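1. Fold the following.
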Amino acid sequence: MSSAHRDHPLDALLHPFADGLLRWPQDGRVLFLRAREGAALHAARVPALVATQPFKPEAARLARIGIELIDEDALPAAAFPLVLVLPPRQREEARALLAKACVAVAPGGVVVASVANDEGAKSREADLKHLAGSLGVVGKHHCRVFWTSPGASVDAALHAQWLRADAPRRIADEAVPGGGFMSRPGVFAWDRVDAASRMLADALPATLRGRVGDFGAGWGYLSMQVLARCPQATSLDLYEADARALALAGENLRNAGVPVQCHWHDVAQGVAERFEAIVCNPPFHALGRGERPDIGRAFIAAAASALQPRGSLWLVANRHLPYEDALGTGFAQVRIVAQQGGFKIVEAVKA
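-> Residues are numbered from 1 along each chain as shown. Model prediction:
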């Protein structure tokens, strides 16, 4: 596997075990928070591994290799002799994950985390030190791996503070029906309506009708706007790969007044349902930082397959992203509705 495709934080996380600095527990299950499948995980042959992963594509890869997935927001306390963590980039979300790791670890157990140097490694190391005291540290693969001392004592006040900082909360925004929405740190545009989605909402015609799909729904803004602007919409299906965002979308649409289905699903794999209209602000990143226009193209192909004849896709995207070929392949009519602020709004009609 080329270095460009290596998962360096995962490789680094497992390095202390391969190098003899740390040992796998002889008894009990190992918990892996935000686990990712990769060559290093296969090589490590981690005993009795269970994992959390809210991102559907990664969760599916873990499930395919037989790893048990459990609910990250309902972890048993003091249950695991070893907890591995790949913290996310967002600070409050990462701190809460470290706090959960320190509660889930059994007495005398160890928490081990790995973060890339250019994604806040020193900050996350300092966070875990503040929470649990002195750490072991090693650098590898342009990452820092750090772990607690066996039986480390957790700062209870700091633990509670970090869990509160990550908790779902109401965000006030007059652009959202009802004046606000439920969100939490770490989900896309968690504390605001992103400009691209706002632009698409403003362009939606009141004539959208019937069963409407929202591909890449996030915390539910576009679906909320469909309900507010399109009185002939009779039902909504929300598809979102981030389970944390999808749970928020369900809360935000609790009183929708029409049937709402929330699907934890990777749209790039296609969908089985059929729609009269689809709204979409597709992601162009996965868990890494690099642009992934292939994801948007896969969303467009999925929309073309999921629409009824003469159904319409309303899409917003960055103007520079190369989606024209995918739109031309899947749709009979394509028009640019608006271009502004680096974004483009596209209406595409299926033959």
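2. use CA for all of it now, contacts and neighbours both
-> Noted.
3. Show me the helices in the stretch 201-350 of the chain, by range?
-> Secondary structure of the stretch 201-350 of the chain (DSSP state H, counting those that start in this stretch): helices located at 221-229, 243-252, 293-306, 324-330.
4. would a markdown table of those helices with mean neighbour count, distance to residue 49 and mean pLDDT be doable?
-> Below are those laid out as a markdown table (neighbours: other C-alpha atoms under 10 Å; distance: least, C-alpha to C-alpha, whole Å; pLDDT from 0 to 100):
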| stretch | mean neighbour count | distance to residue 49 | mean pLDDT |
| --- | --- | --- | --- |
| helix 221-229 | 21 | 36 | 97 |
| helix 243-252 | 21 | 21 | 98 |
| helix 293-306 | 22 | 30 | 94 |
| helix 324-330 | 15 | 40 | 91 |
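5. Check the gap between residue 27 and residue 48 for me.
-> Distance, residue 27 to residue 48, using C-alpha to C-alpha, to the nearest Å: 9 Å.
6. How about residue 275?
-> Residue 275 sits 43 Å away from residue 48, taking C-alpha to C-alpha as the criterion.
7. higher neighbour count, the two?
-> residue 275 (22 against 13; other C-alpha atoms under 10 Å).
8. Any stretches of the stretch 1-150 of the chain with poor pLDDT?
-> In the predicted model of the stretch 1-150 of the chain, residues 1-5 satisfy pLDDT under 70.
9. now with 50?
-> For the stretch 1-150 of the chain, residues meeting the criterion pLDDT under 50 lie at 1-4.
10. would you list every one of the strands in it?
-> Secondary structure of the stretch 1-150 of the chain (DSSP state E, counting those that start in this stretch): strands at 30-33, 49-52, 68-69, 80-85, 105-116, 135-140, 143-148.
11. of all those, which lies closest to residue 315?
-> Distance to residue 315, taken as C-alpha to C-alpha, is lowest for strand 49-52 among these, at 31.6 Å.
12. Show the contacting residues for residue 206.
-> Residue 206 makes contact with 229, 230, 231, 232, according to C-alpha atoms under 8 Å, 6 or more residues apart in numbering.
13. Quick check on the residues you listed: which are buried?
-> Among the contacts of residue 206, those classed as buried by 16 or more other C-alpha atoms under 10 Å are 229, 230.
14. Quick check: the farthest pair among the contacts of residue 206?
-> Using C-alpha to C-alpha, the contacts of residue 206 span at most 9.1 Å, a distance reached by 229 and 232.
15. and the strands of the stretch 1-150 of the chain as JSON lines, adding distance to residue 305 and mean neighbour count?
-> Formatted as JSON lines, the strands of the stretch 1-150 of the chain follow (distance: least, C-alpha to C-alpha, whole Å; neighbours: other C-alpha atoms under 10 Å):
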{"stretch": "strand 30-33", "distance to residue 305": "35", "mean neighbour count": "24"}
{"stretch": "strand 49-52", "distance to residue 305": "31", "mean neighbour count": "21"}
{"stretch": "strand 68-69", "distance to residue 305": "30", "mean neighbour count": "18"}
{"stretch": "strand 80-85", "distance to residue 305": "38", "mean neighbour count": "25"}
{"stretch": "strand 105-116", "distance to residue 305": "39", "mean neighbour count": "23"}
{"stretch": "strand 135-140", "distance to residue 305": "45", "mean neighbour count": "16"}
{"stretch": "strand 143-148", "distance to residue 305": "42", "mean neighbour count": "24"}
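16. okay, the ones you listed in TSV with distance to residue 125 next?
-> Shown next, in TSV, are these (distance: least, C-alpha to C-alpha, whole Å):
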stretch	distance to residue 125
strand 30-33	16
strand 49-52	21
strand 68-69	26
strand 80-85	12
strand 105-116	8
strand 135-140	8
strand 143-148	6
